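>>> turn this into a model:
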Amino acid sequence: MRLCIKGFNIQMFFNRVYTKVLKYILFFTYLSFAIIFVSSCKKVENSEINIGILVPLSGSAAQYGNAIYNGASLCIDELNDVGGINKKHVKLIKYDEENDPLKAKVGYEFLEEQGVLGIIGDVTTATTASIIPLSKDDNMPIITPTASSEDVTYDFKNKILNENVFRTCFLNSFQGRKIAEFAKTQFQTETAALLYCLDSDYSIELKEAFENECNKLKIKIVSIEGFVDKKVDFKSQLENIKTKNPDVLFIPYYYETVSLIAEQAKNIGIDCVKLGTDGWCSVTSKISEPNLLDGSYYFSGFSNDDSSESAQNFLTKYRKNFNEEPNMFAAQSYDAAKILTESLKVTLDYGYVSGSDEFKKEVIKNIKETRFECATGEIIFDIYNNPEKQAIIIKILDGKEVFWGKY
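From the prediction side, this is the model:
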């Protein structure tokens, strides 16, 4: 029976509506399948392996960040020149966090969204610490070239190892202890003074390690003076130190501040041996009169005068690429990139699905088992993901930072 209202065929109307709706359903169904198909094709055809690097390329720590970026990019360029990883091009994706912990978090999220399989960085302890909780949730492999606080790889408060986080630099505690030993064995030091930053974990940890080792070695600490970050006048602290006439003065801080302290110490008349840490790297490039620090020593992770084959190979390539001398930060970053890319290659060779949780866990396992010669020496990792390697002593002579030896 046909239903009609004054010549209007209702059944025919509904048939037409049904036909049009069905066409739209089929259209959007096909469209959805097409989108899925195209997306899957892109994944299959992806010919790149993405690696992230989180560094301060601008701001107060830019000198560190740019050297670290150069070191990592050199390693990646070398790798791509010989076919990349499993014939896939390796892309280094950078993010400038301006030495700001909050921006470091934003940078981490950005890199994670880019599908990176591992991250080189961050640079300072504060920025590195800010991304650790995020990276642990994602099981993201992290290798920092420079963050030296013990808490970076191990949470001492909760006694939990940050299994995905590694470093290619020395621990603060290692440096502080070894510098005290160096002072005792090389200068027969009997008295020492300390000048450190009160609001820097880096400086505090080094100060405490040095002080503890001095107590064991029967070195008397005759003066401990502190200052706040960004301070530019150290005259009162230096005057107090001068009255104690120490054999050595230990200044565990960064090169910008050390250069100011050196100038003021000279004016006041402090001429004892000055000792420093890896934060001193490139200090002679900052100080107005580099020879003011002549006779000073500091611990470093690298020296351009290291005659080892791995160090010299790195030097030759770096000079050719950047037409400048590399520093410790560039070398340690080069090593971090080398370790990460080698671990990625081994994991892909095993057949793991790139980017999966199983893949990342295997990468972390392979980093842990690293043992090969790097620019800064042979690197193996201890149970806390810290490198076991010799330290290099740098002496400042005639205004230049020269290789003294390994210790």
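>>> check contacts around N304.
Shown in contact with N304 (C-beta atoms under 8 Å, 6 or more residues apart in numbering): A311, L315, E325, P326, F403. No exception for glycine: its C-beta is placed from N, CA and C like everyone else's.
>>> so where is this protein shaky, pLDDT-wise?
Along the chain, segments meeting pLDDT under 70 span 1-46.
>>> hey, where'd the helices end up in it?
With DSSP state H as the criterion, the chain has helices at 10-45, 62-81, 101-113, 125-138, 172-187, 201-216, 235-244, 255-268, 309-322, 328-349, 357-368.
>>> how close does the residue lying closest to L111 once chain neighbours are set aside get to L117?
Nearest residue to L111 in three dimensions, chain neighbours excluded: G52, at 3.5 Å (C-beta to C-beta, 6 or more residues apart in numbering). G52 sits 9 Å away from L117, going by C-beta to C-beta, to the nearest Å.
>>> just to revisit the earlier point, let me know the closest of the contacts of N304 to F182.
Among the contacts of N304, F403 lies closest to F182 (C-beta to C-beta), at 14.7 Å.
>>> wait, doesn't that closest one sit right on I392?
Yes: using C-beta atoms under 8 Å, F403 is in contact with I392, at 6.8 Å.
>>> shared neighbours of the two, anything?
Residues touching both F403 and I392 by C-beta under 8 Å, 6+ apart: S303, D306.
>>> looking at those two, which is more packed in?
I392 (24 against 17; other C-beta atoms under 10 Å).
>>> so what does G118 look like in phi/psi?
Backbone torsions of G118, given as degrees, to the nearest 10, read phi -180, psi 160.
>>> measure it to E211 for me?
37 Å.
>>> the two - which one has more neighbours?
Neighbours were counted for G118 and for E211 using other C-beta under 10 Å; G118 has more, 27 against 18.
>>> so what's the more buried one up against?
By C-beta under 8 Å, 6+ apart, the residues touching G118 are I51, G52, M140, P141, I142, I143, L340, S343, L344, V363.
>>> go with 10 Å
49-53, 111, 135, 140-143, 164, 336-337, 339-341, 343-344, 360, 363-364, 367 (C-beta atoms under 10 Å, 6 or more residues apart in numbering).
>>> before we move on, what about S300?
169-170, 175, 276-281, 306, 327-328, 331-332, 376, 391-394, 401, 403-404.
>>> cool, and Y154?
Y154 touches I160, L161, N162, E163, V165, I383, Y384, N385, N386, counting by C-beta under 10 Å, 6+ apart.
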